[in-house]
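Peer 1: need a 3D model of the sequence below.
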Amino acid sequence: MIVCLACLLTGFAQAQTMSWPHHRKAAIVLTYDDALLSQLDTAVPQLRRAGFRATFFLTSDIDYATIPRWKKLAREGFELGNHTVFHPCSATPDNPVSSDTYSQAQMIREIEVMNRFLFAIDGKTRRTFAYPCAETTVGGKDYVDSLRLSHQVSFARVGGDDSAVITDFRHLDSLQVPALGLEDHTDAATIIAFIRKVQAAGGLGVIMFHGIGGDYITTASEVHQEVLDYLHANRKDIWVGTFGDVMDYVMQHR
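Peer 2: Residues are numbered from 1 along each chain as shown. Sure thing, here's the model as predicted:
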């Protein structure tokens, strides 16, 4: 009987879901990489109309024309995250800065410099991070632990597929939070199906966008709007928050 009771209690503990704010059943985080103009021109107006706040992971591609716009977003409650200065990735024809020659120390230093850059824009000292190209290695070595020891960022997002539904919060690594990485021209049905999986599991889902209606790894503006419409229609059940806000809540309540 003791063994049976222990098994039942273990199963019950594993089945627990997060108690989300305002009795919501799940949480979704919308993230946008690379400081793209289509995000400012298309995604932001759609997000504003829906009443949602999201996270934008910025690189030094921000310039004199866009910095005032990013600064305005920060004042409105959108989150500006760190995506490094030069977006170094494994060497490919499409990636001008190779991480193959980087050391772990160089990568941490670049993240630190970008944090200072972002502080000049929004005045914040706590920062979230997204690994460029969802890669956690530079020069063939993993730098997650180096990043952890540096205390440069609070939380970090990696990549993933439609299985990236987070329910095991007890063992979630705050510096390796999985996300649904979208392919070029992903349709609305695919993204909404992922959101429904998150709803059914009572968990957390992070979605990684790039271009919206333009640029590259593009999600059509109509698709993006359809996803926002679904989230808005289910706003009583789904908390849509910034990466930092949602992860703060998770770490405090898991």
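Peer 1: helices of the stretch 1-150 of the chain, start to end?
Peer 2: Using DSSP state H, counting those that start in this stretch, the helices of the stretch 1-150 of the chain run over residues 2-15, 37-38, 44-50, 67-75, 104-122, 144-150.
Peer 1: what comes up buried for the fourth one?
Peer 2: Applying a neighbour-count criterion of 16 or more other C-beta atoms under 10 Å, the buried positions in helix 67-75 are 70, 73, 74. C-beta here means a position set from N, CA and C on the backbone, and glycine is covered the same way.
Peer 1: between these, which is closest to residue 193?
Peer 2: For those, the closest approach to residue 193 (C-beta to C-beta) belongs to residue 73, at 28.9 Å.
Peer 1: wait, that closest one touches residue 44, no?
Peer 2: Yes - counting by C-beta atoms under 8 Å, residue 73 touches residue 44, with 6.6 Å between them.
Peer 1: got any ranges where the chain has weak pLDDT?
Peer 2: Under the criterion pLDDT under 70, the flagged ranges of the chain are 1-16.
Peer 1: centroid residue for it?
Peer 2: The centroid of the chain falls nearest to residue 31 when counting by C-alpha atoms, centre = their mean (4.5 Å).
Peer 1: partner residues bridging the nearest residue to that one once chain neighbours are set aside?
Peer 2: Excluding its sequence neighbours, the residue lying closest to residue 31 (C-beta to C-beta, 6 or more residues apart in numbering) is residue 55, at 4.7 Å. Judged by DSSP bridges, the bridge partners of residue 55 are residue 31, residue 79.
Peer 1: next, count neighbours for residue 55.
Peer 2: A total of 24 residues lie near residue 55 under the criterion other C-beta atoms under 10 Å.
Peer 1: same question, residue 170
Peer 2: For residue 170, using other C-beta under 10 Å, the count is 9.
Peer 1: any idea how far it lies from residue 253?
Peer 2: Between residue 170 and residue 253 the computed distance is 11 Å (C-beta to C-beta, to the nearest Å).
Peer 1: do the same with residue 208
Peer 2: 24 Å.
Peer 1: what about the two, which has more around it?
Peer 2: The neighbour count for residue 208 versus residue 253, taken as other C-beta under 10 Å, is higher for residue 208 (23 against 11).
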